[in-house]
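[1] Model the structure of this input:
(one chain, ligands or ions: 1)
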Amino acid sequence: MPKIPLARPFYDGRDLEAVKRVLDSRWVAQGPTVTELERRFAAYCGAGHGVAVNSATSALQLALMALGVKRGDEVILPDFTFPATGNVVLFLGARPVLCDVDEGAFCMDPEDAASKVTRRTRAIIPVHILGHPAPMDELNALARERRLKVLEDAACAHGTEYRGRKAGALGDLSAFSFHARKVLSTGEGGMVLTNDGKQAELLSALRSHGMFQSAWKREQRFSLPRFDILGYNMRMSDVTAALGLSQLERLEEFIERRRALARLYDDLLSGSGLPVAPPREAPGCRHNYQTYAIRLLRKGIRDKVLLRLQAAGIGCTIGTYSLSLLPLFKGKCPRGRSAFRNTVALPLFFEMRDEEVHAVVDELKKAVNV
Ligand SMILES: Cc1ncc(COP(=O)(O)O)c(C=O)c1O
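    Prediction:
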């Protein structure tokens, strides 16, 4: 275990109490607690409906299915993202078309996205990468003009804001993750948000064997379920949802502390003379700092820096991947590749102490200057 981990979710007696209530009730599968989390998380983000699932990967795949993406369609997504964003497109037999990112926040570049639209393009997936919002006004305008659907990959973007509105309610649909490294964490989990009630019904059938009625509803009043469509089991349990609800209560507190820690990092790094650039926050945006990723201004040193930090007990990793460098994808995205090669994620978590931020920056000085 590193002395200062990269990430660490925060739980206390309130989380234990919430989980205990569900265990005591003996209804532990998907049930009323999942429904309550869907209602509250959708309301927090400003969306009409939530459909909870077991991961953001499932959420992304179901959302694309609900949009009718199928074999032969093209879907545009940014190069600099986690592979799941592209894998779900491949799973549906559609073609992922990579577009480049901007150099500031590493999000989808609307001009490059526009140049990739063909008559086969069905949807775009802006990714709020590392917790910074994508330029949604420009991307929504492109989608309107070219009649495309917009699926936000909001896996990292709980509470992230764009021009006064929360991520997750800025496109047609969105997908969130509740994985251990996310700001709101249930270990594993995810959710799709939509404003369309019919779409929410379809999504909830797809996540549960194609059934249009849940086990919980049947428990209240017997009726034979219908299996009209092909579905998966991608459900969330009520145990997981209980943790989601107690974490949601404190989400704003989590984000405010992360932002304060990020400001401290920004100040220390700016005054350090190190050849590194702190992450940028575009005007009118609220970064939730799910990941605090610095850009190394000296090329070719990322892996050496990661190994040195790790040897000093500092948890760290790359920013994220460049899909065009992976065998499953194709594309020419020089800015995405540069983001992959030159970013380093530093420790950031709710309980982190200011002294630990100082300690990370001290070790970074040694690691960068060798
Ligand atoms: C941008 C992005 N999309 C999707 C995912 C997949 O999330 P999950 O692990 O919940 O499937 C991740 C995970 O880190 C991610 O960073």
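
[2] got the CA coordinates for stretch 180-193 in PDB?
    The C-alpha trace of stretch 180-193 is given here as PDB (Å, rounded to 0.1, in the frame of the first residue of the first chain):
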ATOM      1  CA  ALA A 180     -14.200   2.900  -6.200                       C
ATOM      2  CA  ARG A 181     -12.100   5.700  -7.900                       C
ATOM      3  CA  LYS A 182     -15.200   7.900  -8.500                       C
ATOM      4  CA  VAL A 183     -16.200  10.800  -6.400                       C
ATOM      5  CA  LEU A 184     -19.500   9.000  -5.400                       C
ATOM      6  CA  SER A 185     -18.400   5.400  -4.900                       C
ATOM      7  CA  THR A 186     -20.300   2.200  -4.200                       C
ATOM      8  CA  GLY A 187     -17.400  -0.100  -5.100                       C
ATOM      9  CA  GLU A 188     -19.000  -0.900  -8.500                       C
ATOM     10  CA  GLY A 189     -22.100   0.500 -10.100                       C
ATOM     11  CA  GLY A 190     -23.500   2.900 -12.600                       C
ATOM     12  CA  MET A 191     -26.500   4.800 -13.900                       C
ATOM     13  CA  VAL A 192     -28.100   6.000 -17.100                       C
ATOM     14  CA  LEU A 193     -30.000   9.300 -17.000                       C
END
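
[3] what about that stretch, distance to the chain center?
    Here stretch 180-193 is found 8 Å from its chain centre; the criterion is C-alpha atoms, centre = their mean, to the nearest Å.

[4] Repeat that for stretch 60-72.
    A distance of 18 Å separates the centroid of the chain from that of stretch 60-72, by C-alpha atoms, centre = their mean.

[5] what separates Arg218 from the ligand, distance-wise?
    Counting by C-beta to the nearest ligand atom, to the nearest Å, the gap from Arg218 to the ligand is 28 Å. Using the backbone N, CA and C atoms, a C-beta is placed for each residue, glycine as well.

[6] Likewise for Arg257?
    For Arg257, the distance to the ligand equals 21 Å [C-beta to the nearest ligand atom].

[7] now swap in Val34 and tell me
    Val34 sits 16 Å away from the ligand, going by C-beta to the nearest ligand atom.

[8] Can you tell me, leaving aside adjacent residues, what's nearest to that residue?
    Distances taken as C-beta to C-beta, 6 or more residues apart in numbering place Ala241 nearest to Val34, at 4.3 Å, with adjacent residues excluded.

[9] Tell me the buried residues in the one helix or strand in the chain whose mean pLDDT sits lowest?
    Confidence across the helices and strands of the chain bottoms out at helix 215-220, with a mean of 78, counting by mean pLDDT, DSSP states H and E. By 16 or more other C-beta atoms under 10 Å, the buried positions in helix 215-220 come out as Trp216.

[10] re the thing from before, contacting residues for the residue nearest to Val34?
    Residues counted as contacts of Ala241 (C-beta atoms under 8 Å, 6 or more residues apart in numbering) are Val22, Gln30, Thr33, Val34, Glu36, Leu37, Ala52, Thr186.

[11] Tell me the one of those nearest the ligand?
    Nearest to the ligand out of the contacts of Ala241 is Thr186 (C-beta to the nearest ligand atom; 10.1 Å).

[12] which element follows whichever strand or helix holds the residue nearest to Val34 toward the C-terminus?
    Ala241 is part of helix 238-249 when elements are defined by DSSP states H and E. For helix 238-249, the following helix or strand on the C-terminal side (DSSP H and E) is helix 251-270.

[13] quick one: that following helix to helix 238-249, angle?
    60 degrees (axes from the mean of the first three to the mean of the last three C-alpha atoms, to 10 degrees).

[14] Run through who's touching helix 251-270.
    With contact meaning C-beta under 8 Å, 6+ apart, helix 251-270 is reached by 10, 44, 158-159, 183-184, 247, 276, 278-279, 286-290, 292, 294, 346, 348-350, 352, 354, 357-358, 360-361, 364.

[15] For ChimeraX, write a command that selects the buried ones of those.
    Typed into ChimeraX, the line below selects the buried ones among the contacts of helix 251-270, using 16+ other C-beta under 10 Å:
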select :44,158,159,183,184,247,276,278,279,286,287,288,289,290,292,294,346,348,349,350,352,357,360,361,364
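
[16] In strands only, show me the contacts of helix 251-270.
    Applying DSSP state E to these, the entries found in strands are Val276, Arg286, Tyr292, Ile294, Leu346.

[17] ok, which pair from those is furthest apart?
    Farthest pair in those (C-beta to C-beta) is Val276 and Arg286. Separation: 22.9 Å.
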